[in-house]
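> quick check, what structure comes out for this input:
(chains A, B, C and D)
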There are 2 protein chains.
Amino acid sequence: MGQKRATLADVARLAGLSKTTASMVLNGREGTRLSAEAHQRVFAAAEELGYRPNVAARSLRTRKTATIAFVSDIVATTRFAGGLIRGALDAARERDHVLLITETQGDAAFERYAIEAMLDRQVDGVIYAAMASRRLTVPDAILGGPVVLLNATSGEDLPSVLPDDERAGAAVTEILLRQGHHDHIALIGRNELKESDPEVSIAAGARLRGVRSALAAAGVGLFAECFCVDWLPEHGYAAMRTLLSRSPRPSAVICMNDRLAFGAYQALGEAGLSVPGDVSVVSFDDDPIAAWLRPGLTTAALPHERMGRRAVEILLDGGAAGPSLVPMPLRRRRSTAVPAAR
Amino acid sequence: MGQKRATLADVARLAGLSKTTASMVLNGREGTRLSAEAHQRVFAAAEELGYRPNVAARSLRTRKTATIAFVSDIVATTRFAGGLIRGALDAARERDHVLLITETQGDAAFERYAIEAMLDRQVDGVIYAAMASRRLTVPDAILGGPVVLLNATSGEDLPSVLPDDERAGAAVTEILLRQGHHDHIALIGRNELKESDPEVSIAAGARLRGVRSALAAAGVGLFAECFCVDWLPEHGYAAMRTLLSRSPRPSAVICMNDRLAFGAYQALGEAGLSVPGDVSVVSFDDDPIAAWLRPGLTTAALPHERMGRRAVEILLDGGAAGPSLVPMPLRRRRSTAVPAAR
DNA sequence: CTGTTAGCGCATTCAT
DNA sequence: ATGAATGCGCTAACAG
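The predicted structure is shown next:
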């Protein structure tokens, strides 16, 4: 692309100075003071020629590329985790860096290939991201340089950024408690596998702990718990139906994510029950659908954008090893109310 | 990253040959025949050292970087257009290329900055993508090299990739027609602005044309048309309610996208009407929500992944100027049925 | 058929 | 305070 770009030599020649001088001026080297006139001349020449340094040449010399690799299992194409990329993109731009994005699709061969491709391009660091927050094993190849884990942790003590699911679990539960719900709060989305295996999910366990601790603090327990093989609308639908088939019915339900909540809404609607009149619903994620539901769903938002930002901040500006928790803001909509008189 | 990598010189030395020979062997140059033994030695040495070429050095020389810029207004972070990136990523990988992704967020200053950052990195070409298919003006800066427009067209005669919305419009309508719907088919989502200004949308006009032509071929017209200021669930909801407030009600409705259809489902549900028993619904996009609805929504899918692939194919393998239409596959679910007896 | 030589554009010693 | 020379790792003329 870009046919004939001016080189540093061109600028120096036009300014009537040496390449060294031009280079120093343009890079604003501190150590040595150049005459004010030299500055003028160099800048003027650079301006006139529309000079832009050749990054390849520079990095050959400096071994820095102002490029960071963003490798993920599948996050890049996932509908609501695009926020991770946007946040990273923003923070990178603010620091004059650029993102090389790849997806491994969970395939080990792809991953190896992707990582080598990044390394060949001398990236300054890598952000290793997972779609669903979980623990993963980091390929040795990238341990040679700066790495930060995004939406994931690992056995090694690497810096990582994660949403604060546990606190969100408590927060969401407290909303219900404060509105007067007590011993008729049900939970949809228990899942042994997700809760016990950090390589599958770390959100599930954390959310559950948060919910339980808030409940315990209020001196109550869960009224009912529905297990779901996965967190999709159909599972929320089925869970809500079983909940409704029993009596008494819960006054409120906490869904482990918004898709489950969507399914719950569907079951409630079919049963002729209203949210929040008959049952209150709260959830996690702030999937776009949460705002589209009628009434809007109160949920704890996954702070994707902030997380993406944070990852590059830690990578570039430095940061402590270990996990860094990003708070999940509450999106309060109209899906909760005081329990109906019974 | 990657501390000390072996260089070509190292490989040559270990093989006891010259750098030239090593380079030629490794690059499989055709012109000149190297001895089979030289091959062996070079490969063995490269293998032993774990040699990988330094891309920066190579591109300094060849002016190729095996990197393509993916610049979009906002697509990168948009929930269901991630498919565009995934497709591009896949096709790029197959060709040993890598993607430098940026987002301009519709801001001219960001855009200029982003494009310069890409050009500084000597990208081999750029894919210029829009979130919603529309016509846009391409910055001069990137016209110096290969460009392909993704989900967009421009005044210049550049290669571009677009979904075939018009054919989808006809296809979706024909489903209804074939099931026996005739003069009671309503349309939700008319929008003068989207239809008339290609810089806002090209999908709206195309879909509408498709619907009308299919209807005309069957000798019927639209039973009703609802205008919507935007294509969000709330607008679909409102439109459906007005449709329902009149008598007779439509036997089927075509929604301009899935979010509108979602709103229509909500209104239908509240009115105690069933899909497809009372009214059939078809739509466009295949938003994830289409599969989550009960019953699943029949819709014409935006072929994001194929489009992303196509864009890099055209960019790298060459392709004709002008628009290239990608078919929108029908996702047949359970939202249509023969019209109820009336 | 193989090796020598010369840059690509830049940052950086080391002289001046 | 400025400039000439060197080399980052690689490929491509050009000799041998």
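
> name the nearest residue to residue A:102, sequence neighbours excluded.
Ranked by C-beta to C-beta, 6 or more residues apart in numbering or on different chains and with sequence neighbours excluded, the top spatial neighbour of residue A:102 is residue A:114, at 4.1 Å. Yep, even glycine has a C-beta here, placed from its N, CA and C like the rest.

> residues in contact with that neighbour?
Residue A:114 is in contact with A:71, A:102, A:103, A:104, B:93, counting by C-beta atoms under 8 Å, 6 or more residues apart in numbering or on different chains.

> what of residue A:25?
Neighbouring residues of residue A:25 by C-beta under 8 Å, 6+ apart: A:34, A:38, A:39, A:42, A:43.

> thinking again about what came up before, check whether the helix or strand that contains the residue nearest to residue A:102 comes near DNA strand D.
Element membership for residue A:114 (DSSP states H and E) is helix A:108-120. No - contact of helix A:108-120 with DNA strand D (C-beta under 7 Å from any atom of the strand) is absent, the minimum separation being 8.9 Å.

> state the next helix or strand along the chain beyond that helix.
strand A:125-135.

> excluding its backbone neighbours, what's nearest residue A:65?
Among residues not flanking residue A:65 along the chain, residue A:59 sits closest, at 4.4 Å (C-beta to C-beta, 6+ apart).

> number of nearby residues for the one you found?
Around residue A:59 there are 23 other residues, counting by other C-beta atoms under 10 Å in any protein chain shown.

> can you check residue A:200 too?
Neighbours of residue A:200 using other C-beta under 10 Å come to 16.

> residue A:317 too?
Residue A:317, neighbours per other C-beta under 10 Å, totals 9.

> grab the nearest non-local neighbour of it.
Per C-beta to C-beta, 6+ apart, closest to residue A:317 is residue A:95, 8.0 Å.

> quick one: neighbours of that neighbour, just the number.
Residue A:95 has 15 nearby residues by other C-beta under 10 Å.

> quick check: it touching residue B:117?
No - Residue A:95 is beyond contact range of residue B:117, at 11.7 Å (criterion: C-beta atoms under 8 Å).

> that older thread, lowest-confidence entry in the contacts of residue A:25?
Scanning the contacts of residue A:25 for pLDDT, the low point is residue A:34. It has 68.

> quick one on the thing from earlier: next step: the contacts of residue A:114 restricted to helices.
Judged by DSSP state H, the contacts of residue A:114 include residue B:93 as members of helices.

> return the closest of the contacts of residue A:114 with respect to DNA strand D.
residue B:93 (19.6 Å; C-beta to the nearest atom of the strand).

> what's the local residue count around that closest one?
Counted by other C-beta under 10 Å, the residues lying close to residue B:93 total 19.

> could you report the pLDDT at it?
pLDDT, residue B:93: 93.

> how many neighbours does the residue of the stretch 101-250 of chain A found nearest chain B have?
At 3.0 Å from chain B, residue A:145 is the closest residue in the stretch 101-250 of chain A, using C-beta to the nearest C-beta. Residues near residue A:145, counting by other C-beta under 10 Å, number 17.

> residue A:174 and residue A:215 touch, don't they?
No - shown here, residue A:174 and residue A:215 do not form a contact pair, counting by C-beta under 8 Å, at 9.5 Å.

> give me the more crowded residue out of the two.
The residue with more neighbours, out of residue A:174 and residue A:215, is residue A:215; 24 against 18, by other C-beta under 10 Å.

> for that one, which three-state class applies?
Following DSSP: H, G, I helix; E, B strand; the rest coil, the label given to residue A:215 is helix.

> where's it relative to residue A:247, distance?
Per C-beta to C-beta, to the nearest Å, residue A:215 is found 22 Å from residue A:247.

> pLDDT value on the closest residue to residue A:273 other than its chain neighbours, please?
Sequence neighbours aside, residue A:279 is the residue nearest to residue A:273 in space, at 6.3 Å (criterion: C-beta to C-beta, 6+ apart). Looking at residue A:279, its pLDDT reads 97.
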